[in-house]
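A.B. asks: Turn this into a model:
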Amino acid sequence: MNKTTQRLAYLAVLVALNVVLTRVASLRVAIGGVEGIRIGFGGLPVILAGVLWGPGAGALVGGVGDVVGYFINPMGAYMPHFTLTAALTGAIPALVLKLIHQEHYPSLGALLLAILVGQTVTSLILVPYFLESLFGIPWRPLLVPRIIGQAVHIPAYAFFIYALVRRAGLATRLGLNHE
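C.D. replies: Predicted coordinates:
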């Protein structure tokens, strides 16, 4: 099978997994008629795509997953601001790993740092900012639940990705050249 076709198929599976984990298998809390807090593991396939294939792949999986997910299970009006944050969820950790030269088989510590930076920018800064600027939902009451959620998400994402890439040899099984 052509490597480009194979990569596209894997990314499509990660988009589908992102949609299911984000829109179906997560707890969504509405605040003022708009989704204020989402508890789930929809970011895992997005970050995994970035770690395995780079920032562009992570951004693609996050952005496409957000758009497809919106059409399957919308909550409120479509806002491209949140598609941007979904794309950045996959791109930022991959960029951080490149900056610290850990993009090939990253260590657990490098994954923790990369995901911490990415989730801080997207989930703790951008999403509350967009909720306030677009819908008038104040960011301060959302901050504590979001910090608690990220205290669970960040180590869980890092552990699962580390286990998949390093322990289960996912990168090798996918035929990725990480020498």
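
A.B. asks: For Ile154, see how far away the most centrally placed residue in the chain is.
C.D. replies: For the chain, Gly43 is the residue whose C-alpha lies nearest the centre (Cα atoms, centre = their mean; 3.0 Å). For Gly43, the distance to Ile154 equals 10 Å [Cβ to Cβ, to the nearest Å]. Quick note: C-beta positions are derived from backbone N, CA and C, even for glycine.

A.B. asks: before we move on, the earlier item: dump the residue contacts of the nearest residue to the residue nearest to the centre of the chain once chain neighbours are set aside.
C.D. replies: In this structure, Gly43 finds its nearest non-sequential neighbour in Thr89, 5.2 Å apart by Cβ to Cβ, 6 or more residues apart in numbering. For Thr89, the contacting residues are 43, 46-47, 58, 62, 118-119, 122-123, by Cβ atoms under 8 Å, 6 or more residues apart in numbering.

A.B. asks: Looking at those residues, point me to the pair that's furthest apart.
C.D. replies: Gly58 and Ser123 (14.9 Å; Cβ to Cβ).

A.B. asks: Packing partners of the longest helix along the chain?
C.D. replies: Ranked by number of residues, the top helix in the chain under DSSP state H is helix 139-162. Packing contacts for helix 139-162, counted by 3 or more Cβ pairs under 8 Å, 6 or more residues apart in numbering; DSSP states H and E, involve strand 34-39, helix 43-53, helix 108-119, helix 127-135.

A.B. asks: mind running it again at 6 Å?
C.D. replies: helix 43-53, helix 108-119, helix 127-135 (3 or more Cβ pairs under 6 Å, 6 or more residues apart in numbering; DSSP states H and E).

A.B. asks: most tightly surrounded among those helices?
C.D. replies: helix 43-53 (a mean of 28; mean count of other Cβ atoms under 10 Å).

A.B. asks: Let me see the mean pLDDT of the helix or strand that comes right after it.
C.D. replies: Using DSSP states H and E, the helix or strand that directly follows helix 43-53 along the chain is helix 55-72. For helix 55-72, the mean per-residue pLDDT is 96.

A.B. asks: the more surrounded of Gly58 and Ser123?
C.D. replies: Set side by side, Gly58 and Ser123 show more neighbours around Gly58, with 31 against 21, by other Cβ atoms under 10 Å.

A.B. asks: so where's this structure shaky on pLDDT?
C.D. replies: Low-confidence segments of the chain (pLDDT under 70): 1, 28-38, 168, 172-173, 175-179.
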